[in-house]
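J.: Need coordinates for the following:
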Amino acid sequence: MTKPFIPDELIARVRALLRRPATTIAPFLLRYGNITLDIAARTTQIGSELVHLTGKEMLMLELFINNVGKVVSRERLITHVWGGNKLADVSDNTINASLSMLRKKFQPALPISAIYGQGYILEQYEE
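T.: Numbering: from 1, shown residues only. Have a look, this model is predicted:
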């Protein structure tokens, strides 16, 4: 829903969501190719192999899978992973190191590219 919105429309949309079965409201399993991220269980797998991630790596993976094919800015990454107003506290080296570790754990199954001056993008999955 985009801003500005009419309060009655918001109420109508919430009611429509509440009428849906619980499984269609918020997916707990995110998939990208053969990578599966179970948000509820806080586990990640490549195929049937369990991959151990830190909390921050899991948040990064979740953000990228939810935004496949879209540029994720450095600011959005910091807000989602490190929380809130810490833009000044998180260095480029911290972000680069975290992305490097995430890439290594899923190489070559997770093609995250840097786009100079814009952010990072997880490429569309191709079979």
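
J.: Next, the residue nearest the centre of the chain: secondary structure please.
T.: Nearest to the geometric centre of the chain sits residue 63, at 1.3 Å (C-alpha atoms, centre = their mean). At residue 63 the chain is in helix, as set by DSSP: H, G, I helix; E, B strand; the rest coil.

J.: surely it meets residue 80?
T.: Yes - Residue 63 is in contact with residue 80 according to C-beta atoms under 8 Å; the separation is 4.9 Å. C-beta: built from backbone N, CA, C; applies to glycine.

J.: Overlap in contacts, these two.
T.: With contacts taken as C-beta atoms under 8 Å, 6 or more residues apart in numbering, residue 63 and residue 80 have no neighbour in common.

J.: Student question: in the chain, what's the helix or strand with minimum average pLDDT?
T.: helix 22-25 (a mean of 51; mean pLDDT, DSSP states H and E).

J.: ok, the residue nearest to the centre of the chain - contacts?
T.: 72, 76-77, 80-81.

J.: any low-confidence regions in the chain?
T.: 1-2, 21-27, 84-88, 127 (pLDDT under 70).

J.: could you pull out the helices for it?
T.: 7-19, 22-25, 55-66, 74-78, 92-106 (DSSP state H).

J.: in the third one, what counts as buried?
T.: Which is helix 55-66. 57-65 (16 or more other C-beta atoms under 10 Å).

J.: Pick the most buried one from the helices of the chain.
T.: helix 55-66 (a mean of 18; mean count of other C-beta atoms under 10 Å).

J.: Kindly export it (C-alpha atoms) in CSV.
T.: Output in CSV follows, covering the C-alpha atoms of helix 55-66 (Å, rounded to 0.1, in the frame of the first residue of the first chain):
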residue,chain,number,x,y,z
GLY,A,55,22.1,-13.9,12.8
LYS,A,56,23.3,-11.0,10.6
GLU,A,57,24.1,-13.3,7.7
MET,A,58,20.5,-14.7,8.0
LEU,A,59,19.1,-11.2,8.0
MET,A,60,21.2,-10.4,4.9
LEU,A,61,20.1,-13.5,3.1
GLU,A,62,16.4,-12.8,3.9
LEU,A,63,16.7,-9.3,2.6
PHE,A,64,18.3,-10.4,-0.6
ILE,A,65,15.9,-13.2,-1.3
ASN,A,66,12.9,-11.0,-0.6
